[in-house]
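Participant: Just a sequence and a predicted model for now, questions to come.
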Protein chains: 2
Amino acid sequence: MTAEMPTRDYATRWGVCVFVGAAIWFAPRPEAIDLAGWRTLAVFAATIVGFLLRPLPMGPLTLVGLVVLAATESLSLAETMKGFAKPVVWLVVAAFLIAGAVKRTGLGERIALTLVARLGGSMRGLGYAICGSELLLGPVVPSNTARGGGIMSPIVASLARALDSTPERAPRRAGAYLALVGAHANLITAAMFLTGMAANPLVVEAADQHLGVTYTWLDWALAGAVPGLVGLALLPLLIGRLARPEMVDTAPAQAAAREALATRGAWSGAEKVMAGTFVLLIVLWSTGPVQQDLFQFRLSSTLVALIGVCVLFVTRADKWKDAVRDPGAWDALVWLGGLLAMAMALREHGVIDWFRGAMETRVAGMDGLTVAIVLALIYFYSMYGFSMLTGHITAFAAAFFTVAAAADAPAMVVVPLIAAFSNLCGCTTNYSTGPIVIYFGLGYVPAGHWFRVGFLVSLFHLAVWIGLGLLWWKVLGWW
Amino acid sequence: MTAEMPTRDYATRWGVCVFVGAAIWFAPRPEAIDLAGWRTLAVFAATIVGFLLRPLPMGPLTLVGLVVLAATESLSLAETMKGFAKPVVWLVVAAFLIAGAVKRTGLGERIALTLVARLGGSMRGLGYAICGSELLLGPVVPSNTARGGGIMSPIVASLARALDSTPERAPRRAGAYLALVGAHANLITAAMFLTGMAANPLVVEAADQHLGVTYTWLDWALAGAVPGLVGLALLPLLIGRLARPEMVDTAPAQAAAREALATRGAWSGAEKVMAGTFVLLIVLWSTGPVQQDLFQFRLSSTLVALIGVCVLFVTRADKWKDAVRDPGAWDALVWLGGLLAMAMALREHGVIDWFRGAMETRVAGMDGLTVAIVLALIYFYSMYGFSMLTGHITAFAAAFFTVAAAADAPAMVVVPLIAAFSNLCGCTTNYSTGPIVIYFGLGYVPAGHWFRVGFLVSLFHLAVWIGLGLLWWKVLGWW
């Protein structure tokens, strides 16, 4: 999108961002929101519009937003810097560094060639290979960023390169399709398992507290089994429609991959270390409860990822001087850290509470099931205003359960819907959660296209999880 | 240094770092320090040894240190990430981004060519040009990082390149000499003016509080006038001895610079914006008190630097995609942020207090003047254990004044010595303050050489400021 826009649009694009920001900045402010919160909302909205219109890349855009907030004393400089110390940001940074190493060591190419050789009869076959891998890893790697960003995305990127599709040259040949399948498959597996995403337990806790529902690992998996599997089964077809890969005949690529694999020598030391690091990461990410039992301490997802990064450097499988020149990690650090700081300020300065209050008055007087569905829809699309799934869950899950309880909505419709939507809603933007940031960061899909596809995928999710899901939960006797 | 060492030394170098760390980790711990503090000290020491021996670059070394602290539960993961949100770190990041833009816009080359054409009759002439510029900017740019890192270092780097000296090829031709002069000149001007370094006012405050001395801007400038000017006058000669530039005859370079300037076209738009940004930065950095009077709010040094960065991107004088690939900023972010987190933990977990206590017992029973000098020496060299001048001042200035007061040391010897040494002590390491980080980051001087030169410069400072300084302050009638 950016590349296609002529340069003379530059001022116009800035103008729209500034207009949106100024319109909120100078609009009458609800009493419940303090000045800092209101101005943060204005800058946040302008920044998100900027992400779409791209007068500048996301990094400098976010910096401009932070500088505006600090220079107008809306927030303190320290508040605007807060996001750069958040572990989730460094999980994303670590995932980018790992992804870079997968590429540089050559392991990514080897795995990708093998996948193309075995399953590359069609692009759809590769799409299903990605969905299948996500499904296998979903229950055991309890951070969707670790799973999607640390493990799957480097393989997906290598797949695209093996098919001769790079962001600069022929992004739509294969890469755009594969990146979109990878990103959205990650959200579906996150929605299918209590252990599929780090913040999912917060939903369980909130359900217990506000609706008196004990929602176990098995309940979660059961609720998601039918809509989740249907979703994964249809996803490669849907993305095939929304971002049709230009590569139709994969037979020559498959033959070339077989040949390349045959002539490829033995595993290099770096490849072996990289593979070992992968195994280490999966083991450490999947044994959290065991670590807790044995040591009364579990390594957080970020810490595991950083351990992996350190292993790669200490063994010299990867080199710092290459890693530090790889822009993905630092780009994400700047804009994601900045956006998180704004999101924290929105919560601390009353914007989130105000939104919650507005929603309560909106659903008053509706019948139970309608309330459940309306709440779920609002919950889903309110993600546009959040920078991270975890922040969204923290801010809203409990609140929505409270409103649902007050309105007598059927609990075992509300809980599975909110549980699933807590993850699926990440489809809407390019900044919703670590792996989305990373898949988007591969550079195959321009921001505008990402948002369009995301919106259409959101309709697909609603159809599957409300349409089919409600039916399935009726069969289960949940309502 | 790194490059010359054969690869088989890799294990040995790691071995030494691990040994130093383990020796402290497992040694009996003073009661006043908690376990977290003691282990942080062990890892900090091992990391600093690693900075010297370089089994890995500083970025991954620091990451390994943080991971060890977090994985052993010595510090929480959040504690180890704290440094990445410190404004001083982002001042350094911004300075690196500005420095990159000075290079990419071509303005650096233009200024450097002009300097070489006018003053490049000898390397010494260029050294004096750097010292003179620092002296001019010293009183008005109240952050030594802003001054040295944001303004001077990009010009120094361009100077070196104009003389055909790059870090990869011929670093000792000119670059090593110029970088060392620039770095050490910055510390001298920081020591000469109350407004030469951001944390200097803390020294004044502590002197007032613990010694009852009102140490004004004029007192500070007066105290530093003689030793400071002598220091600046001798510095280019001293560095010429310690890091003799291989380039002796600069006449051809001067002729080439004149020719290059003559054939160089008019100023480009990017050059003009870059020059304008420089002016903006100097104005904003130097008008803090005026801003305070007019708006009851002053832009912090970091915020000013970030404003400069935003101006460069918004005007498209610089491009994010180039800036984000420039490794200096991100390298410094990782290791400086990590080191700062360790330094904060050292303070919070009792290590600094313990050191202060140990020092108090050390000087008991000495006469006043001896105590003043001994304290100043300890203060100076304790900088080896700190990651930032500001942290050192915050931790120790007040404490040393208390000890001095108790021992009846002459106040108007103690105050000017501690005031000057608060800045000069930055000569010891390559991580002591922003501009040092940045000059070192130019890559002309290997770590080992940097430390060696730094130690010899420290002896020079002691000779000038204790020898000549005491005499000068006697003349002033201060003791």
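Facilitator: Good, I have the coordinates.
Participant: contacts, neighbours, all on C-alpha from now
Facilitator: OK.
Participant: residues from chain A in reach of chain B?
Facilitator: A:56-57, A:59-60, A:63-64, A:67, A:70-71, A:77-78, A:81-87, A:299, A:303, A:306-307, A:310, A:313-314, A:320-321, A:324-327, A:330-331 (C-alpha under 8 Å from any C-alpha of the partner chain).
Participant: From those, keep the buried residues only.
Facilitator: A:56-57, A:59-60, A:63-64, A:67, A:70-71, A:77, A:81-87, A:299, A:303, A:306-307, A:310, A:313-314, A:320, A:324-327, A:330-331 (16 or more other C-alpha atoms under 10 Å in any protein chain shown).
Participant: same for the helix or strand where A:Leu312 lies, what does it pack against?
Facilitator: Per DSSP states H and E, A:Leu312 falls inside helix A:301-314. Here helix A:301-314 touches helix A:87-105, helix A:269-286, helix B:58-71, going by 3 or more C-alpha pairs under 8 Å, 6 or more residues apart in numbering or on different chains; DSSP states H and E.
Participant: distance between that helix and the chain's centre?
Facilitator: Chain-centre distance of helix A:301-314: 21 Å, with C-alpha atoms, centre = their mean, to the nearest Å.
Participant: need the contact list for A:Leu261.
Facilitator: A:Leu261 makes contacts with A:110, A:113-114, as judged by C-alpha atoms under 8 Å, 6 or more residues apart in numbering or on different chains.
Participant: helix, strand or coil for the residue of the stretch 151-300 of chain A found nearest chain B?
Facilitator: Relative to chain B, the nearest point of the stretch 151-300 of chain A is A:Leu299 (6.8 Å; C-alpha to the nearest C-alpha). Three-state assignment for A:Leu299 (DSSP: H, G, I helix; E, B strand; the rest coil): coil.
Participant: same thing with A:Pro245?
Facilitator: coil.
Participant: ok, it touching A:Ala176?
Facilitator: Yes: using C-alpha atoms under 8 Å, A:Pro245 is in contact with A:Ala176, at 7.3 Å.
Participant: Those two: which is more packed in?
Facilitator: Each of A:Pro245 and A:Ala176 has its neighbours counted (other C-alpha atoms under 10 Å in any protein chain shown); A:Ala176 has more, 31 against 19.
Participant: Just the ones in helices from the contacts of A:Leu261, please.
Facilitator: Here DSSP state H is the test, and the contacts of A:Leu261 give A:110, A:113-114 as lying in helices.
Participant: Skipping adjacent residues, who's closest to A:Ala201 in space?
Facilitator: Not Ala; residue A:201 is Pro. A:Leu194 (6.5 Å; C-alpha to C-alpha, 6 or more residues apart in numbering or on different chains).
Participant: To clarify, my last question referred to A:Val374.
Facilitator: Excluding the flanking residues, the one nearest A:Val374 by C-alpha to C-alpha, 6+ apart is A:Val363, at 7.7 Å.
Participant: Let me know the pLDDT of A:Ala260.
Facilitator: pLDDT recorded at A:Ala260 is 85.
Participant: Equivalent analysis for A:Thr7, please.
Facilitator: For A:Thr7, the model assigns a pLDDT of 62.
Participant: So which of the contacts of A:Leu261 is surrounded by the most neighbours?
Facilitator: Neighbour max across those (other C-alpha under 10 Å) = A:Leu113, 26 neighbours.
Participant: got a pLDDT number for it?
Facilitator: We have a pLDDT of 85 for A:Leu113.
Participant: quick one: contacts for it?
Facilitator: A:Leu113 touches A:159, A:162, A:257-258, A:260-261, counting by C-alpha under 8 Å, 6+ apart.
Participant: Residue ranges of each domain in chain A, please.
Facilitator: A:1-75, A:87-196+A:245-328 (automatic domain parsing).
Participant: Out of the ones you listed, flag the one nearest B:Ala397.
Facilitator: domain A:1-75 (30.1 Å; C-alpha to C-alpha).
Participant: just checking, A:Ala207 touches A:Phe401?
Facilitator: Yes: the criterion here is C-alpha under 8 Å, and A:Ala207 meets it with A:Phe401 at 6.7 Å.
Participant: Buried residues, the host helix or strand of A:Gly240. List them.
Facilitator: Counting by DSSP H and E, the element that carries A:Gly240 is helix A:217-242. Going by neighbour count (16+ other C-alpha under 10 Å), the buried part of helix A:217-242 is A:220-229, A:231-233, A:235-240, A:242.
Participant: what's A:Trp267 sitting at in phi/psi?
Facilitator: Dihedral angles of A:Trp267 (phi, psi; degrees, to the nearest 10) stand at phi -60, psi 130.
Participant: quick one: contacts for it?
Facilitator: With contacts defined as C-alpha under 8 Å, 6+ apart, A:Trp267 has no neighbours.
Participant: and if you look at A:Val20?
Facilitator: A:Val20 touches A:42, A:45-46, A:49, counting by C-alpha under 8 Å, 6+ apart.
Participant: In those residues, which has the lowest confidence score?
Facilitator: A:Val49 (86).
Participant: I figured that residue was touching A:Phe19, is that so?
Facilitator: No: at 10.2 Å, A:Val49 and A:Phe19 do not qualify as touching, with contact defined as C-alpha under 8 Å.
Participant: Compare those two (neighbour count), which wins?
Facilitator: Neighbour count, other C-alpha under 10 Å: between A:Val49 and A:Phe19, A:Val49 has more, with 19 against 14.
Participant: so is the nearest residue to A:Ala243 once chain neighbours are set aside in a helix, a strand, or just coil?
Facilitator: Distances taken as C-alpha to C-alpha, 6+ apart place A:Tyr177 nearest to A:Ala243, at 5.7 Å, with adjacent residues excluded. At A:Tyr177, secondary structure determined by three-state DSSP is helix.
Participant: Report the contact partners of A:Tyr177.
Facilitator: A:239-240, A:243-245.
Participant: try it again with 10 Å
Facilitator: Neighbouring residues of A:Tyr177 by C-alpha atoms under 10 Å, 6 or more residues apart in numbering or on different chains: A:123-124, A:127, A:160, A:171, A:236, A:239-246, A:444-445.
Participant: and if you look at A:Gly477?
Facilitator: A:412, A:471.
Participant: before we move on, back to that, show me the common contact partners of A:Ala207 and A:Phe401, please.
Facilitator: Common neighbours of A:Ala207 and A:Phe401, using C-alpha under 10 Å, 6+ apart, are A:411, A:414-415, A:418.
Participant: wait, which of these is closest to chain B?
Facilitator: Within the shared contacts of A:Ala207 and A:Phe401, the smallest distance to chain B is 29.0 Å, found for A:Ile418 (C-alpha to the nearest C-alpha).
Participant: Name the helix or strand for that closest one, please.
Facilitator: Per DSSP H and E, A:Ile418 falls inside helix A:411-424.
Participant: ok and that helix relative to helix A:217-242, angle-wise?
Facilitator: Put simply, helix A:411-424 runs at 50 degrees to helix A:217-242, going by axes from the mean of the first three to the mean of the last three C-alpha atoms, to 10 degrees.
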